Structures are given as C-alpha cells and as structure tokens.
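Student: Build me a model from this:
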Amino acid sequence: MILKKDVLPAWGNLKVKDITRRQIVTLLDQVKSRSQLAANNLHARLSMFFIFAVKRGIPGIDVSPFINIDVPAHRNKRKPILDNEKVKIVWNKLDTLSIHENLKARLRLLLLTAQRRNELGFAEKSEFDLKTNEWTIPSTRTKNGITQVVPPSRQALKIVMQLFDKNPNTKWLLSSNYGEDQPFPERALSRAVRNNEAQFTTDDDKPIPHWSPHDLRRTATTTMTGQCKIDRFIVRIVLNHKEPKEFEITDISDRHEYIAEKRRALQKLADKIDEILDENHG
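Tutor: Numbers count the residues shown, from 1 in each chain. As a prediction, the model looks like this:
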C-alpha cells in the first residue's frame, strides 16, 4: 500500500498533529522523482487522510495542513474538458437553440451540480427538499449504490424552482415533451448537442471542438479542483466517487456530515461559472 511504502518510513515516528506542510511537499516531491503517477496517488490519499482526521477530531489537528497543496504532476487529459471560453460559449448559445427548454436546463444543471447524466435526467421532484435545499439521489439510482445528498448552489436552485413552476403536473424534474408523464430518454440529450454542434461557435464563427454532455461533469470537476482550489477529497464526495477502502464512507448519516463542505464546493463552482460568464473575453 502506498501509505506503508512512502509515508511510514518518512513519518512513522511523528504524531499527525506534528506533520507540517513543508514535510508533505517534500515527501510528494521525493515520490514524484520516482513516479509522477505514484506522487499523484499519494497526494489523493494524504488529502483524504487529513480531512478524515479533522472530521474525526484527532487531537491537535483542527485544520488540515494539506489545504491548497497542488497535485504534484499534471497529466495530459485525453478526455475533453471545456475551458472558460468554451463554457461561456456553450452556456450562452443554449439560449439560441431550438431544443426543449428542459434539455437546456439539464445541460446547465449538469455543469452546476457535477452529477451524472442519468442521475439528473431521471430525478423526481420528491427527491428535492426545498426547505433544507437538498437533493437526495437514492442508492437505487447512483452508480456506486450509495445514497448521494446534493446541496444545490443558489444558481442551481433557481433553475430547479423554475422547473417546478413550469412543469407542475409531472413527478419528474425534467419531463419530456412526448405528452406523457415521463423524462426524456438518455439519448435525447446527446442527440440535441450533436444536432446543434455547428451552433456552438466563437465570435469569428469557428465551431468549438466536439463535446458531449458528460464533458460538463468533467469540466465541473476540473473547475472545482483547478480554479476554485477545492480539496480533491471533497470533490470526490461531491461526485459521489467510491473512496479507497481505508477511507470509505458508506453510511448515509456519516456521509451527511459533509453536507456543509459539499454546499461550499458547489457554491464556489457556481460563483466561478458566473464569473466566467461575466468575463469580457471572446
């Protein structure tokens, strides 16, 4: 295990409260000299460990020393990510497209909530508690079988409330236009983007590179970690990724402890998107 291989030899005689940021960075640099992948894996594990320690009240560690320590090695991404300019183009161009308003709302909510396409596409109104501002995705609809509680940002909640008002007679948050009480099929969202791909253009009418609805979740992820500087452990919880066994949090009451952190993360994400949309570039 990476913690046993790299951490114990370096810090085996130290108490958690005595580990400093300088020691963390030094250790990551040492591992990076051997393997960039190993250094990134160690970064992820240590991030989880220190937040876990703070949440569990380990004596002497009230604040994680890991805050804002960057990933040691940035690997090339093979999967598409929309940069700020493309985020602005996609968001604004949606207003001009001849597609169902619920599909436009779904694309924007994918970016604002960072949840999976089917989890949002098949969301029912009953999953939303508008008093506590929480969206609970049942375990039967999550990829890892773990209930996910999403506290929408103010911007996301505004869209949700608009959907409630516009579609009062259906149980679905994002009902279809097929005349029946049902959501859009999964393929409808991808088809809407694909059929309108040529409409997503820069100011000089050049189409942006191919993108898909799933790229919005990846874009939200990189925006949170890269631009908002949100700890990767918290981002993983926002995404409802399964944790390494030693840090696994499966009990719903235990996971609920992180509602405040998720709320802050998603609000920072939404505020950053607002900032991007207000930028006078492109």
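
Student: for the closest residue to Asn68 other than its chain neighbours, phi and psi?
Tutor: Closest residue to Asn68 apart from its sequence neighbours, by CB to CB, 6 or more residues apart in numbering: Lys229 at 5.6 Å. Placement of C-beta: from N, CA and C, glycine included. The phi and psi torsions at Lys229 (degrees, to the nearest 10) take the values phi 60, psi 40.

Student: could you give the mean pLDDT of stretch 201-217?
Tutor: Taken as a whole, stretch 201-217 carries a mean pLDDT of 92.

Student: Surely Trp135 is in a helix?
Tutor: No: under DSSP: H, G, I helix; E, B strand; the rest coil, Trp135 sits outside any helix and is assigned strand.

Student: Number of residues surrounding the residue nearest to it when sequence neighbours are not counted?
Tutor: Across the structure, with CB to CB, 6+ apart as the measure, the residue nearest Trp135 apart from its sequence neighbours is Val150 (4.4 Å). The local packing count at Val150 equals 25, with neighbours defined by other CB atoms under 10 Å.

Student: quick one: low-confidence ranges for this protein?
Tutor: Low-confidence regions of the chain, defined here as pLDDT under 70, cover residues 1-2, 74-79, 179-180, 243-257, 280-282.

Student: so how far is Met224 from the nearest residue to Ser153 once chain neighbours are set aside?
Tutor: The spatial neighbour of Ser153 that comes closest, neighbours along the chain excluded (CB to CB, 6+ apart), is Ala270 at 3.6 Å. Ala270 sits at a distance of 10 Å from Met224 (criterion: CB to CB, to the nearest Å).

Student: distance of Gly145 from Ser190?
Tutor: From Gly145 over to Ser190 (counting by CB to CB), the distance is 25 Å.

Student: Compare the two (neighbour count), which wins?
Tutor: Applying other CB under 10 Å to Gly145 and Ser190 shows that Ser190 carries more neighbours, namely 14 against 11.

Student: could you list every residue that touches that one?
Tutor: Under the criterion of CB atoms under 8 Å, 6 or more residues apart in numbering, the neighbours of Ser190 are 212-213.

Student: Name the helix or strand for it, please.
Tutor: Under the criterion DSSP states H and E, the helix or strand holding Ser190 is helix 186-195.
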